[in-house]
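In: Sequence and predicted structure below; questions after.
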Amino acid sequence: MTGPKLNERPGTRASLKGYQMSASKARVVLNLIRGEDVNTAREILAGTTREAADVIGKVLASAVANAVNNDAMNADELYVSAAYADEGITMKRFTPRARGRAGAILKRACHITVIVSRLDDERLELLRTARSAQASASRTRRVATSRRRADQTASVNKRETAAELAATEAENEVIETDVIETPIVDQVTETTTDETTEEKN
C-alpha cells in the first residue's frame, strides 16, 4: 500500500512556485532537513552554502508562521514532516553552434513545498530533555569561563600589586640610604672645618 499523496499529507504547509532552479538542486538541501525539528533545520540551513538553502529557509519560516498564526501551534514543537521539490516549467533557449546548428539551453524551474507538523509526545519529551541538558551544559561552561577569567584577573592584580610593593620598597631603601649617608658627610665637613680653624689659630 502506497503512502498518502504529496498534496494530501497532514500538517501546515508553505510552497514556492516557479523558482528558477532545477528540482534536483533543491532536493539535495531538502533531504538534509526532512524529519528534523524546526530549530535544528534552521541551524542546518544556516550552515549550508548552497543557494537553495536561503530560499528553503524562507519557505520553512513561512510554514512555521502559518502554523503559529493559522493553526495556533507552538513553534518550538514543530518539525519538518515533509519537504519536496516538483519540476516546474522549463524555458527553452538556443545558442548558435558550429556549422549552422543550434545548441539547446534548458532553463529549469521547480516548486518547493515544506510541511511542518507537531512532534509526538514521546519525541517532544526527548527533545525537551536534550534542550535542558544542553542549557545546563552551556550554563556550566559560562560559569567555568567566568571563574577562569576571575582567576586570571586576580593573578594579574596580584602580580601588579607585588610589583608595586617591590617598587615602593626599592624607593624606601633608596631614601633610607640617602638619609643615612647625609649626616656622615655633614660630620666630615664639620670636622674639617674645625681642624682648619684650629690651624689658623
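Out: Cool, got the structure.
In: Need the contact partners of the host helix or strand of I56.
Out: I56 belongs to helix 51-71 when elements are defined using DSSP states H and E. Outside helix 51-71, the residues that touch it by Cβ atoms under 8 Å, 6 or more residues apart in numbering are 11-16, 19, 21, 25-26, 28-30, 33, 38, 41-42, 45-46, 73-75, 78, 80, 83, 112-116. Just so you know, the C-beta spots here come from the backbone N, C-alpha and C atoms, and that holds for glycine as well.
In: The residues you listed in helices, which ones?
Out: By the criterion of DSSP state H, membership of the contacts of helix 51-71 in helices covers K25, A26, V28, V29, L30, I33, V38, A41, R42, L45, A46.
In: Most neighbours among these, which one is it?
Out: Looking at the ones in helices among the contacts of helix 51-71 with neighbours defined as other Cβ atoms under 10 Å, the largest count falls to A26 at 26 neighbours.
In: ok, the residue nearest to that residue when sequence neighbours are not counted - contacts?
Out: Beyond its immediate neighbours in the sequence, the residue positioned closest to A26 (Cβ to Cβ, 6 or more residues apart in numbering) is A85, lying 3.9 Å away. If you count contacts by Cβ under 8 Å, 6+ apart, A85 has them with A23, A26, R27, L30, C110, H111, I112, T113.
In: now A85: how far from A167?
Out: Between A85 and A167 the computed distance is 73 Å (Cβ to Cβ, to the nearest Å).
In: And for A102?
Out: Taking Cβ to Cβ, one finds A102 at 88 Å from A167.
In: Same check on T49?
Out: Taking Cβ to Cβ as the measure, T49 and A167 are separated by 56 Å.
In: measure stretch 64-77 end to end?
Out: The first and final residues of stretch 64-77 sit 10 Å from each other (Cα to Cα, to the nearest Å).
In: if we can go back for a sec, T49 and A167: which is more packed in?
Out: Neighbours around T49 and A167, counted as other Cβ under 10 Å, are more numerous at A167. The numbers are 10 against 5.
In: Let me see the domain layout of the protein.
Out: Structural domains annotated on the chain: 9-119, 120-201, as defined by automatic domain parsing.
In: Tell me which of the ones you listed sits most buried.
Out: Comparing the domains of the chain by mean neighbour count (mean count of other Cβ atoms under 10 Å), domain 9-119 comes out on top with a mean of 16.
In: where does this protein have low pLDDT?
Out: Low-confidence regions of the chain, defined by pLDDT under 70, span residues 1-7, 176-201.
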